[in-house]
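Chemist: Sequence and predicted structure below; questions after.
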Amino acid sequence: MSEVLIGSILSAMSTGAGALVILFISRSITHRFRDTLLAFTAGIMMAASLLSLIPQSIESGSYIQLVIGITLGVAALTLLEKNIPHMDLEHSKSGIEFDEKALLIISAITLHNIPEGLSVGVSYASEHQDTGNLIAFAIGLQNAPEGLLVALFLINQKIGKIKAFILATLTGAIEIVTSLLGFYLTTYISFLVPYGLAFAAGAMLFIVYKELIPESHGDGNERTSTYSFIVGLLFMILLLEIV
């Protein structure tokens, strides 16, 4: 119990760690840096899904359960995408600009964090003890640039740096609650474990292909982002080999 709590808190608070950067930089950040970071994160999440979550889902269940779980994960993210306004970034070499309202963006990002929290919690319920830590790490890396972008948006809305940092950090807090929910559901209803692992894989693959890869290729940094994606992939494989 303590492990999943610590892991979920660290993963969720990575949003705040990313937002912390705004206290030390100007209002803009280059797309090259952002794209490289997003692609690196995409590589990590891809490796975690394909080499950890999916094999463990099949090992603890069956291929049919894997297909059902992945489908549910993709469906959950699809519903969120269709019904909740999402923060899209305008690609501009001069920096990142936003045009949505602050409250709407905060609500959207917060709700988008729900499946990510579930993914972390379900992973800790796996028979492989290190899976939870690896997935929490992968989700945490994805949360960091997200927290930075939310904080930058809030600053552009004339909100002070300290308040922007606090609000961006709070958008990740819901992951702690949903992590614990996912952990308890799959722990005490054991037949849900293969579905949960596959759900986590589906949600992460959706984020990688629908969000991270396209957003890292929109400003002429495709080659750099591709290299960064491969480095992220190899980095996660190294972690899997070590543990």
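Modeler: On my side now, so go ahead.
Chemist: The longest helix along the chain packs against which elements?
Modeler: In the chain, ranked by residue count with DSSP state H as the criterion, the top helix is helix 129-156. Under the contact criterion of 3 or more Cβ pairs under 8 Å, 6 or more residues apart in numbering; DSSP states H and E, helix 129-156 touches helix 2-19, helix 31-48, strand 95-97, helix 102-112, helix 114-124, helix 161-171, helix 193-206, helix 222-242. Placement of C-beta: from N, CA and C, glycine included.
Chemist: Okay, buried residues for that helix please.
Modeler: The neighbour-count check on helix 129-156 (16 or more other Cβ atoms under 10 Å) flags 131-156 as buried.
Chemist: mind checking how far it is from the chain centre?
Modeler: 6 Å (Cα atoms, centre = their mean, to the nearest Å).
Chemist: between it and helix 31-48, how many degrees?
Modeler: On the basis of axes from the mean of the first three to the mean of the last three Cα atoms, to 10 degrees, helix 129-156 is oriented at 160 degrees to helix 31-48.
Chemist: So for helix 129-156, mean pLDDT?
Modeler: Across helix 129-156, pLDDT averages out at 79.
Chemist: ok, now stretch 72-89?
Modeler: 73.
Chemist: what number of residues lie near Q65?
Modeler: By other Cβ atoms under 10 Å, 20 other residues sit near Q65.
Chemist: Let me see the contact set for it.
Modeler: 57, 194-195, 198 (Cβ atoms under 8 Å, 6 or more residues apart in numbering).
Chemist: Same check on L5?
Modeler: With Cβ under 8 Å, 6+ apart, L5 has these contacts: 176, 180.
Chemist: Next one: it from I230, what distance?
Modeler: With distances taken as Cβ to Cβ, to the nearest Å, L5 is found 34 Å from I230.
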